[in-house]
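[1] here's my sequence, what's the structure:
(chains A and B, ligands or ions: 1)
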Amino acid sequence: MSEYHLNYLEQLESESIHIFREVAAQFEKPALLFSGGKDSITMVHLARKAFAPGKIPFPLVHIDTGHNFPEALEFRDWLVEKVGAILIVRKVEDTIRQRSLTEPKGKFPSRNWLQTYTLLDTIEEFRFDCCIGGARRDEEKARAKERIFSVRDEFGQWNPKLQRPELWNIYNGRIHKGENVRVFPISNWTELDIWNYIRHENIDLPSIYFAHERKVIEHEGQLVAISEFVQPAANDVVLTKKVRYRTVGDMTCTAAVESKAATLEDVINEIIATRISERGETRIDDKVTEAAMEDRKKNGYF
Amino acid sequence: MDLLRFITAGSVDDGKSTLIGRLLYDSKNILIDQLEALEKSTKNKENGEVDLALLTDGLRAEREQGITIDVAYRYFSTPKRKFIIADAPGHVQYTRNMITGASNANLIIILIDARQGVVEQTRRHSIIASLLKIPHVVVAINKMDLVEYSQDVFNNIVIDYRQVATQLGLTDVTYIPISALDGDNIVDRSTKITWYSGQPLLEFLEEVKIDNDINLTDGRFQVQFVIRPQTDELHDYRGYAGKVISGIYKGGDKVKVLPQDIETTIAGVEVAGKPANEIFAPQSAVIRLTDDIDISRGDSIVKIENIPKVSNELEVLLCWLDDKPLISGNKYLLQHNSRQVRAVLKNVEYKLDVNSLQRQPVDGNVKLNEVVKATIRTASPLVYDGYETLSENGSAILIDETSNSTVAAVLIKQ
Ligand SMILES: Nc1nc2c(ncn2[C@@H]2O[C@H](COP(=O)(O)OP(=O)(O)O)[C@@H](O)[C@H]2O)c(=O)[nH]1
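    Modelled structure (predicted):
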């Protein structure tokens, strides 16, 4: 192999950096949607590389459901400080109050769905014309056709029929007033690519990605942590287990997996060994319908 | 481990979805929950067997209509390579979808139904492969189980296809007899097709040499973004961020900034904020120059040994991708990598029949899926190479300024 050769991770990295730079150049007010998970953290790492030695030329926006893992919030603030980025936080709780929305009920009261409102309000408040998201095409069937530059109408909606053909590495981000674009720089990465990259680049992650002890209950074969948001019912058996998380979402709708993986190496080995994809394993609300994601996308969810 | 991007092409029912499903399934890239969902949706079917084609079936709108309407991307990897499949379905909008999916592909798999042999669609897909200069072609002759694994059937199809390949100048063509449904010659060598001594499909995909597809000779770089931190320590720092389109750059290289036509020298090259000895295609990098020159997004920094063309009059092949027709004399925006310029379509000379490559007169407006030869005049000059010699610097898109849609793929002629 010649010395002028990029391995697959370097190729993916180069493509993502290219996309970040297109965003910075094509849009007036872009923002990076930061969820606190490994995909967002990887994006911040890539964005830093794209603009070094300068700073990341757009803010990180966190739509805070109020149901976060405390470890994830702590990590967020540490990261923002470290890279010298601007952080904007908007809370779903405030949206619920201002718009008198109805709080979700039930044992696992997911505010996931309500995030959409807060996000759209935030876009309007700051007049963002582009939101960078960490979705990957391998996550789920409805994502497989998502463009890297995905145009949304003024209601934040995604229309599969209106998507532009995307050719070569040329990205057309032109929009009309009121519209905005979702850009997905890590579209072509798989979950395993992300983990391998995190290992290769030594990227720091919140501690909940590694095995730790937690009080959990079992719900339809999934382990859910006890927290101020999820309380055990009378007939629930509370167990203490060694677990880790594969995605960092809300405490109400992210399930843990049993694990002894204490290091990145261990985590990657476990992922290679398991044959369950991350969305199926850890999102409690996704099992509802196969088309759940598609519906949410149409409604302006990330 | 490297990365191979390929596209699959075939007429409806040639077995494209089954083949992709098979590749994902046999290379163990289908995960349990996806498999469960698959089995659930297969339940309603009569024979009860898992329908591999369902794995690659995307949006609900399509499931309801029972057709696939767009390019979908699939991912799988083996210990040797990561693969990205552009899955472009075959039907009316096919040319548009295929061009979109093929634009980034290193390789195309053209599926042929062994019972049908080379058909009009096969020719059409091959023509598009040759127009877009996809470096490697695999002709997968499928459904061998339905022709009793006959070597004669296979050989006759190979003879027929060789003619097509010769006509189109496709040089790197590999023929593989397969049964996507049964998995013959997909991952493992078929025990039924004993006369075939070549590689099974997956092994071929893992080993085909793609290193030479990248041009490391002609130095081409276009500025995407100018990095100016303007902090105390980096007060005078000015870095030109972009992707190396082709070639290799290093500090001390003599370069020319185009279209300004100013010669200067590279002060240093960087990758991700760190100084590098050299940068090369397709790296995203930063170039710093010794002289203070007014350079902005879309300008090119090229090596002086061989200079690309600089012109505002382009001879092009246009593949029309929009439902609204092309109207000669209309103004568009042309985007060539990161450079956007106003453009006017001057002269549509002829239409290229994508089934025969024959030139035909243009009567009326150019419609969706048509390929035409035209002349484009741009408001400011473009710095380009012919698509045939350096596709990364010879491709562009046209944007309709009123709808903002991408309406055409542009292949610039020499
Ligand atoms: N006997 C046989 N049938 C096949 C083979 N490959 C695909 N098929 C069948 O051909 C039909 C069309 O296949 P599909 O993958 O949906 O075709 P597509 O339209 O090209 O995606 C289905 O009924 C498949 O089961 C094969 O190798 N042998």
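
[2] any idea how far the longest helix along chain A is from the chain center?
    In chain A, with assignment by DSSP state H, the single longest helix is helix A:8-26. Relative to the chain's own centre, helix A:8-26 is displaced by 18 Å; criterion: CA atoms, centre = their mean, to the nearest Å.

[3] got it, and stretch A:171-182?
    Per CA atoms, centre = their mean, the centroid offset for stretch A:171-182 relative to its chain is 21 Å.

[4] likewise for stretch B:177-185?
    Its chain's C-alpha centre and that of stretch B:177-185 lie 26 Å apart, by CA atoms, centre = their mean.

[5] partners of the host helix or strand of B:Arg342, with directions?
    Secondary structure assignment for B:Arg342, by DSSP states H and E: strand B:339-352. Here strand B:339-352 is paired, per DSSP bridges, with strand B:331-336 (antiparallel), strand B:359-360 (antiparallel), strand B:371-384 (antiparallel).

[6] what is the rounded mean pLDDT of the longest one?
    pLDDT averaged over strand B:371-384 equals 95, rounded to a whole number.

[7] what are the buried residues along that strand?
    The neighbour-count check on strand B:371-384 (16 or more other CB atoms under 10 Å in any protein chain shown) flags B:Val371, B:Val372, B:Lys373, B:Ala374, B:Ile376, B:Arg377, B:Thr378, B:Pro381, B:Leu382, B:Val383, B:Tyr384 as buried. Backbone N, C-alpha and C define where each C-beta goes, glycine included.

[8] which parts of the stretch 1-150 of chain A are helices?
    A:8-26, A:38-51, A:70-83, A:92-98, A:115-126 (DSSP state H, counting those that start in this stretch).

[9] related to what we said a few turns ago, and the longest helix of chain A, anywhere near chain B?
    Yes: Helix A:8-26 lies within reach of chain B by CB under 8 Å from any CB of the partner chain, at A:8, A:10-15, A:17-18, A:21-22, A:24-25.

[10] relative to B:Leu170, which of the residues you listed is nearest.
    A:Gln11 (25.4 Å; CB to CB).

[11] how far off helix A:8-26 does the strand holding B:Arg342 point, in degrees?
    Going by axes from the mean of the first three to the mean of the last three CA atoms, to 10 degrees, strand B:339-352 is angled at 110 degrees with respect to helix A:8-26.

[12] pull strand B:339-352 out as CSV, backbone CA atoms only.
    Listed next in CSV are the C-alpha coordinates belonging to strand B:339-352 (Å, rounded to 0.1, in the frame of the first residue of the first chain):
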residue,chain,number,x,y,z
ARG,B,339,-17.6,27.5,-6.4
GLN,B,340,-21.0,29.0,-7.3
VAL,B,341,-21.4,31.1,-10.4
ARG,B,342,-24.2,32.3,-12.4
ALA,B,343,-24.6,30.4,-15.7
VAL,B,344,-26.7,30.6,-18.8
LEU,B,345,-27.5,27.7,-21.0
LYS,B,346,-26.6,28.8,-24.5
ASN,B,347,-26.9,26.0,-26.9
VAL,B,348,-28.4,22.6,-26.6
GLU,B,349,-26.8,20.7,-29.5
TYR,B,350,-28.1,17.2,-29.3
LYS,B,351,-29.7,14.6,-27.1
LEU,B,352,-27.9,11.5,-26.2
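
[13] buried sites along that strand?
    Neighbour-count burial for strand B:339-352 [16+ other CB under 10 Å]: B:Arg339, B:Gln340, B:Val341, B:Ala343, B:Leu345, B:Val348, B:Lys351, B:Leu352.

[14] quick one: the helices in the stretch 151-300 of chain A?
    Under DSSP H, counting those that start in this stretch, the stretch 151-300 of chain A gives helices at A:191-201, A:264-273, A:278-282, A:292-298.

[15] quick one: mean pLDDT for the first one?
    When you say that, I think you mean helix A:191-201. 93.

[16] so what's the residue in the stretch 51-200 of chain A that the ligand sits nearest to up against?
    For the stretch 51-200 of chain A and the ligand, the shortest gap (CB to the nearest ligand atom) falls at A:Ala144, measuring 14.7 Å. Taking CB atoms under 8 Å, 6 or more residues apart in numbering or on different chains, we find A:Ala144 in contact with A:Arg137, A:Asp138, B:Gly58, B:Ala72, B:Tyr73, B:Arg74, B:Asp87.

[17] give me the nearest residue to it, chain neighbours excluded.
    Leaving out its chain neighbours, the residue that sits closest to A:Ala144 by CB to CB, 6 or more residues apart in numbering or on different chains is B:Ala72, at 4.1 Å.

[18] same question, B:Asn97
    Looking at B:Asn97 with CB to CB, 6+ apart, the closest residue is B:Ala88, at 4.0 Å.

[19] ranges for the strands of the stretch 201-350 of chain B?
    For the stretch 201-350 of chain B, applying DSSP state E, counting those that start in this stretch gives strands covering B:220-227, B:239-246, B:248-250, B:254-258, B:262-271, B:274-276, B:278-280, B:284-289, B:300-303, B:309-320, B:331-336, B:339-352.
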